[in-house]
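**Q** What follows is a protein structure lacking sequence information:
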């Protein structure tokens with residue numbers, strides 16, 4: 001099936017209108033007509049060739065919501081007309097300990113990305129959500145709850161980034177046991193951070209935002225933070241020393257994590273979500289003396305992603321988005337790089 005899309009032909013090219021061929025449905029596949037497609041900063045890194053193993057031509061996009069229009073003969077979980085989502089993954093081995101434990105994101109054989117991945121069955125390169133249609137195994141589809149299922153309402157567009165930003169922040173918070181009385185820090189008030197503030201607050205935590213400046217303070221407090229701190233100020237961390245149970249660090253730019261570790265309580269955890277290019281140097285004594293942890297987290301499994309979207313629907317949590325037509329994708333990329341969006345772009349897929 002040939003479908004309209006936006007594609008980057010090479011790392012030095014802009015995305016342009018094109019077509020791609022979607023595979024024939026396998027027995028457990030569903031064909032999804034896409035309504036909304038989010039723009040993630042990782043799309044930009046991948047299209048720009050910033051990371052190894054990029055495959056071109058490339059149609060990015062791993063935040064997708066739409067409607068099932070066709071199913072394979074063995075599909076049991078969904079039917080035509082269901083509103084579903086696709087996040088960062090479309091397949092995994094299904095047999096390793098990670099997959100059996102519902103952590104397909106850590107598949108020992110390597111999970112298949114929604115785009116720029118290698119199809120496990122035919123070796124083709126997966127292509128993502130900047131298109132009108134996509135094919136996906138039913139086991140990797142997320143059922144969209146009723147609160148977000150009217151695709152013509154703004155709630156559906158605003159829920160789309162949750163398929164990446166939502167699970168990326170929900171997973172480490174849930175895994176850390178965050179609940180009523182927990183003290184959570186969120187570093188970075190961007191596409192990930194503004195969702196993390198909402199989720200942590202809905203879990204019952206007291207949330208403190210650490211951002212370079214105070215330009216987003218009003219937003220942070222409105223979204224549920226109790227405190228908002230400018231990290232550009234000298235010794236910003238001192239009033240919060242040994243006071244936080246979990247810190248979610250969303251920043252990908254190089255930055256000093258030692259002040260963050262000093263703010264952790266006994267057995268507190270710093271969770272890294274960003275990908276700074278510089279290596280980190282951490283004095284062992286900062287960890288050993290208080291039993292602190294520095295760990296990383298990468299999205300979440302399919303079951304946990306379903307739990308996340310249901311939790312967000314129950315607690316009225318969405319991303320704050322700007323909806324654009326497909327012809328503005330390249331402009332949106334530039335604005336993301338320049339931090340000129342609050343807080344996520346979502347593409348109207350009817351414009352592909």
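**A** The structure has been received and is ready for your questions. On a predicted model such as this, the values are computed, not experimentally measured, just so you know. Numbering: from 1, shown residues only.
**Q** from here on, contacts and neighbour counts on C-alpha atoms
**A** Noted.
**Q** Mind listing residues that contact the helix or strand of the chain with the lowest mean pLDDT?
**A** Every helix and strand in the chain was compared by mean pLDDT, DSSP states H and E; the lowest is helix 41-47, with a mean of 94. Contacts to helix 41-47, defined as C-alpha atoms under 8 Å, 6 or more residues apart in numbering, come from residues 8, 10-11, 51, 54, 58, 60-61, 333, 336-337.
**Q** buried set for stretch 150-163?
**A** Neighbour counts over stretch 150-163 (16 or more other C-alpha atoms under 10 Å) mark 151, 155-163 as buried.
**Q** To clarify, my last question referred to stretch 170-187.
**A** By neighbour count on 16+ other C-alpha under 10 Å, the buried set for stretch 170-187 is 170-174, 178-179, 182-187.
**Q** Name the member of these with the shortest distance to residue 138.
**A** residue 171 (21.6 Å; C-alpha to C-alpha).
**Q** Surely that closest one is in contact with residue 299?
**A** Yes - using C-alpha atoms under 8 Å, residue 171 is in contact with residue 299, at 6.7 Å.
**Q** For residue 192, see how far away the closest residue to residue 157 other than its chain neighbours is.
**A** Among residues not flanking residue 157 along the chain, residue 36 sits closest, at 5.9 Å (C-alpha to C-alpha, 6 or more residues apart in numbering). According to C-alpha to C-alpha, to the nearest Å, residue 36 and residue 192 sit 19 Å apart.
**Q** ok, now residue 82?
**A** 28 Å.
**Q** now residue 67
**A** For residue 67 relative to residue 192 (C-alpha to C-alpha), the value is 26 Å.
**Q** In terms of neighbours, single out the busier of those two.
**A** Higher neighbour count among residue 67 and residue 192: residue 192, with 30 against 22, using other C-alpha atoms under 10 Å.
**Q** any idea how far the more buried one lies from residue 75?
**A** Residue 192 is 33 Å from residue 75, by C-alpha to C-alpha.
**Q** same question, residue 196
**A** 34 Å.
**Q** ok, these two, which is more surrounded?
**A** residue 196 (34 against 16).
**Q** on that earlier part again, ok, the buried residues of stretch 150-163 vs residue 325, which is closest?
**A** Of these, the one sitting nearest to residue 325 (C-alpha to C-alpha) turns out to be residue 157, at 12.5 Å.
**Q** which ones are touching that closest one?
**A** The contact partners of residue 157, by C-alpha under 8 Å, 6+ apart, come to 36, 151, 321, 323, 346.
**Q** will you turn the residues you listed into JSON lines that also has secondary structure, distance to residue 137 and pLDDT?
**A** Formatted as JSON lines, the contacts of residue 157 follow (DSSP: H, G, I helix; E, B strand; the rest coil; distance: C-alpha to C-alpha, whole Å; pLDDT from 0 to 100):
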{"residue": "36", "secondary structure": "strand", "distance to residue 137": "19", "pLDDT": "98"}
{"residue": "151", "secondary structure": "coil", "distance to residue 137": "22", "pLDDT": "98"}
{"residue": "321", "secondary structure": "strand", "distance to residue 137": "28", "pLDDT": "98"}
{"residue": "323", "secondary structure": "strand", "distance to residue 137": "28", "pLDDT": "98"}
{"residue": "346", "secondary structure": "strand", "distance to residue 137": "24", "pLDDT": "98"}
